[in-house]
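*Asks:* structure, please.
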Amino acid sequence: MNIAALPYLLRETGLRPLFYYLRYQLALKSGWAQRQTRQPPADFPAPLRDIFPLPPPQSLQSDLGEKEWADLRNEAESLRRGHFLIFGHFPVTLSSWDLGLPRRHWAEYVTGAIRAEAFLPSSWPADLKFLWEPARWGWAFRLGRAWYLLGEEPLAAAFWAFAEAFLEAHPPYLGPHWMNGQEVALRLLAMLWAAQVFKASIHTTPQRLERLRAAILAHVHRLPPTLDYARAQENNHLLSEAAALIAAARALPEHPLASRWERLGARLFNQALERQISSYGEYIQHSTNYHRLMLELALYVHAVAPDVLTRAARHKLRLATHWLRSLTDGHQGRVPNLGSNDGAHFLMLTSCAFFDFRPTVEAAARAFLGESLPYSGPWGELSHWLGLLNAKEERAVALEITHRSYMGLSDVLHAPHSWGYLRATSFRSRLAHSDQLHFDLWWRGYNLACDAGTGYYNLPAPWDNPLLAARVHNTVLIHGVEPRRRLTRFLQAGWISAWSRLLLPQADRPFGGLEAHVRLAQARHTRRVWVEEGERWIVEDVLEPRRPAALHRYRLHWLLADAPWQLRAWERGLSLELELPPGVVRIEVEACAPAHILLIRAAEPIWGEGAALPYEGWIAPSYGLLRPALSLSLEIETRGLTRFITRFILPEGKA
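*Replies:* The predicted structure is shown next:
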């Protein structure tokens with residue numbers, strides 16, 4: 001731990017996480033945690049019980065269209081050959097688990113005595129997440145779905161081949177795949193599901209089931225000794241490990257520790273949901289990606305042990321479902337690229353794209369709201385798998401209606417063919433990204449004004465998590481200084497709350513508006529968003545400096561969709577046209593003083609004079625995936641009250 005970070009950590013998170021972290025370090029340094037996981041637990045001859053409400057294959061098959069069948073068969077063949085995409089885009093080979101390196105106890109990798117990255121193939125990015133992701137066994141969900149729907153035994157044979165190769169290469173508690181409790185927990189959840197799904201295959205012999213049962217026991221035994229680390233994180237780590245304890249207890253009810261696992265898991269899971277979801281419904285990690293993971297873990301627990309969820313936890317899950325549903329675009333199921341996006345997604349039980357949030361949103365709405373999306377499609381398959389379609393008939397509710405009636409329209413604004421999200425939160429937890437007052441704009445399925453996402457966490461600079469900076473978000477930067485001080489790769493100091501409110505409709509602004517403000521060190525920043533007739537979006541930025549007589553430098557930034565462009569500039573503004581498939585969008589920006597204009601694409605200036613940072617002009621739709629985007633900035637120097645006006649003029653376009 002960076003000692004200099006301690007005062008900031010105490011001020012922003014309190015004593016509780018620090019207490020658990022220090023207790024975890026004590027268990028690690030003293031060797032207690034290592035002694036608890038030196039050997040696999042003693043065998044207990046209890047069979048694995050079925051815990052999932054698996055639907056009949058025929059009910060799933062009837063919902064697949066021609067495209068879904070074609071996608072399923074193509075993916076099945078690819079998986080059978082051992083090819084799997086992590087993070088939705090990066091290809092890995094499932095048979096290459098063993099790199100011929102010696103395995104040591106997991107604690108030696110945690111303490112840094114041995115570099116876990118040495119286990120990565122030389123052609124891969126030197127990032128630990130690329131090592132861990134295949135070992136979460138997300139491929140087991142994909143192979144299990146393919147076998148269950150197609151009934152082709154070579155798929156089951158492939159599952160057992162990959163599973164046994166992994167278990168052989170990574171015996172209990174040896175190697176880097178045992179060093180993190182969350183990774184162990186997510187793998188355990190996949191193992192439990194696969195054990196039930198592949199049970200009917202001719203390739204599932206008693207010997208193979210016994211080996212998988214022993215592996216499941218070893219995994220659940222690994223979790224309790226380091227739960228303090230998960231408690232200290234106060235995020236998805238704790239939810240994942242608590243869910244794994246609950247599921248293992250239900251799958252092995254005769255085990256003498258089963259009741260203890262369930263009591264501990266249920267207590268931690270419910271407490272985490274109650275603490276980690278705000279009264280507004282936003283998850284503690286301030287990330288749409290991790291919000292989805294939280295709901296997927298809750299859906300898993302709801303499927304295998306619905307009785308463990310408390311009334312308070314269910315209330316928070318209802319709020320969280322509304323929050324994510326309000327940010328889901330109806331065209332492709334995409335959401336704003338808010339906060340840390342490292343591709344965490346494990347309930348992959350549909351043919352939908354990796355970035356499509358509709359399967360999770362639909363299932364959560366059915367489970368926790370008794371509602372469904374207002375349209376049907378392949379995303380409904382997840383609800384089938386989780387046994388959510390046997391409940392009473394749900395009422396379909398449009399996204400914008402849900403938001404207006406439940407959330408008060410305080411951060412999302414809808415027009416007939418477009419919608420916008422004005423980021424403003426005062427939830428008391430550390431923000432992953434400096435994104436207060438960021439604005440996302442969506443039009444006919446296109447993310448016109450967007451959030452850059454994450455890119456990479458663990459590579460050398462500049463790709464050591466740089467996209468968390470305010471500089472690459474759609475907001476105003478003062479004097480080029482970030483509003484929060486970066487202490488470590490993940491930790492920033494200086495919590496800044498923002499407040500938002502609804503602006504009532506006016507004669508020429510029938511859809512109303514949004515207003516949010518934040519108090520920065522140098523000035524108060526207020527952002528107002530309106531929608532005028534013809535879906536003309538107006539964004540007004542007003543900056544009131546603390547020292548009005550002083551000269552201030554302001555930089556307004558917009559990260560825009562990559563498209564053919566034309567730019568025309570004048571002394572105090574510009575007009576930028578983007579040629580998107582539905583039509584040509586015009587963006588007009590006006591400043592109150594002469595402006596220096598710079599347009600960057602993929603770290604290269606393409607209009608105006610100035611240098612580009614290596615991470616400017618990029619968007620990362622998923623972890624490790626970088627795509628070009630247009631980074632437009634206007635920089636001015638002025639005194640007193642300062643104002644920027646940005647207009648997004650959307651054409652009628654195609655339906």
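*Asks:* pick out the least confidently modelled helix or strand of the protein, by mean pLDDT.
*Replies:* The weakest-scoring helix or strand in the chain, judged by mean pLDDT, DSSP states H and E, is helix 399-402 (a mean of 50).
*Asks:* what values do phi and psi take at the residue sitting furthest away from the middle of the chain?
*Replies:* Most distant from the centre of the chain: Ala549, at 43.3 Å, with distances by Cα atoms, centre = their mean. When read as degrees, to the nearest 10, the backbone of Ala549 gives phi -80, psi -20.
*Asks:* what about Ala593, neighbour count?
*Replies:* Close neighbours of Ala593, defined as other Cβ atoms under 10 Å, add up to 15. Every residue, glycine included, has its C-beta placed from N, CA and C.
*Asks:* is it fair to say it lies in a helix?
*Replies:* No: per DSSP: H, G, I helix; E, B strand; the rest coil, Ala593 lies outside any helix segment and is coil.
*Asks:* so what's it up against?
*Replies:* For Ala593, the contact set (Cβ atoms under 8 Å, 6 or more residues apart in numbering) comprises 572, 636-638, 642.
*Asks:* and those, which are buried?
*Replies:* With burial judged by 16 or more other Cβ atoms under 10 Å, the buried subset of the contacts of Ala593 is 636, 638, 642.
*Asks:* possible to save those residues as CSV with distance to Leu543?
*Replies:* Formatted as CSV, the buried ones among the contacts of Ala593 follow (distance: Cβ to Cβ, whole Å):
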residue, distance to Leu543
Ile636, 10
Thr638, 9
Thr642, 4
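*Asks:* for the residues you listed, which one is nearest Phe269?
*Replies:* Comparing the buried ones among the contacts of Ala593 against Phe269 with Cβ to Cβ places Thr642 closest, at 47.9 Å.
*Asks:* quick one, grab the pLDDT at that closest one.
*Replies:* Here, the pLDDT recorded for Thr642 equals 97.
*Asks:* wait, it touches Leu634, no?
*Replies:* No: look at Thr642 against Leu634 with Cβ atoms under 8 Å: they stay out of range, at 11.6 Å.
*Asks:* could you find the closest non-adjacent residue to Ala76?
*Replies:* Using Cβ to Cβ, 6 or more residues apart in numbering and skipping residues adjacent in sequence, the residue nearest Ala76 is Ala146, 3.9 Å away.
*Asks:* element containing that neighbour?
*Replies:* helix 138-150 (DSSP states H and E).
*Asks:* contacts for that helix next, please.
*Replies:* If you take Cβ under 8 Å, 6+ apart as the criterion, helix 138-150 is touched by 54, 57, 60-61, 64, 72-73, 75-76, 79, 84, 86, 94, 152-153, 155-156, 158-159, 162-163, 190-191, 193-194, 197-198, 201, 345-349, 385.
*Asks:* can you rerun that using 6 Å?
*Replies:* With contact meaning Cβ atoms under 6 Å, 6 or more residues apart in numbering, helix 138-150 is reached by 57, 60-61, 76, 79, 84, 94, 155-156, 159, 190, 194, 197, 346, 348-349.
*Asks:* okay, now the unreliable bits of the stretch 351-500 of the chain?
*Replies:* By pLDDT under 70, the weakly predicted segments of the stretch 351-500 of the chain are 390-410, 427-430.
*Asks:* so who does the residue nearest the centre of the chain touch?
*Replies:* Taking Cα atoms, centre = their mean as the criterion, Asn289 is the residue nearest the geometric centre of the chain, at 1.2 Å. Listed by Cβ under 6 Å, 6+ apart, the contact partners of Asn289 are 341, 344.
*Asks:* any idea how far Ala353 is from it?
*Replies:* Distance, Asn289 to Ala353, by Cβ to Cβ, to the nearest Å: 14 Å.
*Asks:* same check, this time on Thr646
*Replies:* 31 Å.
*Asks:* more neighbours: these two, which one.
*Replies:* Ranked by neighbour count (other Cβ under 10 Å), Thr646 and Ala353 place Thr646 first, with 25 against 13.
*Asks:* which residue is the nearest non-sequential neighbour of that one?
*Replies:* Nearest residue to Thr646, sequence neighbours excluded (Cβ to Cβ, 6+ apart): Val539, at 4.3 Å.
*Asks:* for stretch 138-147, give the mean pLDDT please.
*Replies:* Summarised as a single mean, pLDDT over stretch 138-147 is 97.
*Asks:* and what of stretch 261-273?
*Replies:* 98.
*Asks:* which residues touch it?
*Replies:* With Cβ under 6 Å, 6+ apart as the test, stretch 261-273 has contacts from 238-239, 242, 245-246, 248-249, 308, 310, 313, 316.
*Asks:* got it, and stretch 639-653?
*Replies:* Residues contacting stretch 639-653 (Cβ under 6 Å, 6+ apart): 418, 441, 443, 535-544, 548, 551, 554, 556, 582-583, 585-592.
*Asks:* which among these count as buried?
*Replies:* Buried among those (16+ other Cβ under 10 Å): 418, 441, 443, 535-543, 554, 556, 582, 585-592.
*Asks:* ok so, going back, pull the most distant pair out of the contacts of stretch 261-273.
*Replies:* Of all pairs drawn from the contacts of stretch 261-273, the one with the longest distance (Cβ to Cβ) is Ala248 and Lys316, at 23.9 Å.
*Asks:* looking at those two, which is more packed in?
*Replies:* Between Ala248 and Lys316, counted using other Cβ under 10 Å, the more crowded position is Ala248 (30 against 25).
*Asks:* list the contacts of the more buried one.
*Replies:* Counting by Cβ under 6 Å, 6+ apart, Ala248 touches 220, 261.
*Asks:* from Leu252, how far off is Ser633?
*Replies:* Remark: distance between Ser633 and Leu252 (Cβ to Cβ) = 57 Å.
*Asks:* ugh, wrong one, Leu186
*Replies:* Remark: distance between Leu186 and Leu252 (Cβ to Cβ) = 18 Å.
*Asks:* compare the two (neighbour count), which wins?
*Replies:* Legend: neighbour count by other Cβ under 10 Å for Leu186 and Leu252, higher for Leu186 (26 against 23).
*Asks:* using CSV, write down the CA coordinates of the helix or strand containing the more buried one.
*Replies:* Using DSSP H and E, Leu186 sits within helix 181-197. Extracted as CSV, the C-alpha positions of helix 181-197 are listed here (Å, rounded to 0.1, in the frame of the first residue of the first chain):
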residue,chain,number,x,y,z
GLY,A,181,-10.7,-15.0,-4.5
GLN,A,182,-13.1,-13.4,-7.1
GLU,A,183,-11.5,-15.4,-9.9
VAL,A,184,-11.9,-18.6,-7.9
ALA,A,185,-15.5,-17.7,-7.2
LEU,A,186,-16.5,-17.0,-10.8
ARG,A,187,-14.9,-20.2,-11.9
LEU,A,188,-16.8,-22.1,-9.2
LEU,A,189,-20.1,-20.6,-10.3
ALA,A,190,-19.4,-21.8,-13.9
MET,A,191,-18.4,-25.3,-12.7
LEU,A,192,-21.6,-25.7,-10.8
TRP,A,193,-23.7,-24.7,-13.8
ALA,A,194,-21.7,-26.9,-16.2
ALA,A,195,-21.9,-30.0,-13.9
GLN,A,196,-25.7,-29.9,-14.1
VAL,A,197,-25.9,-29.1,-17.8
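*Asks:* quick one: the strands in the stretch 451-600 of the chain, in order.
*Replies:* With strands called from DSSP state E, counting those that start in this stretch, the stretch 451-600 of the chain shows them at 476-478, 485-486, 492-493, 498-503, 513-519, 523-532, 536-545, 552-560, 565-570, 573-580, 583-591, 596-601.
*Asks:* just send those strands back as a markdown table, with distance to Trp124 too.
*Replies:* Shown next, in a markdown table, are these (distance: least, Cβ to Cβ, whole Å):
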| stretch | distance to Trp124 |
| --- | --- |
| strand 476-478 | 34 |
| strand 485-486 | 27 |
| strand 492-493 | 28 |
| strand 498-503 | 39 |
| strand 513-519 | 40 |
| strand 523-532 | 41 |
| strand 536-545 | 41 |
| strand 552-560 | 28 |
| strand 565-570 | 34 |
| strand 573-580 | 34 |
| strand 583-591 | 38 |
| strand 596-601 | 27 |
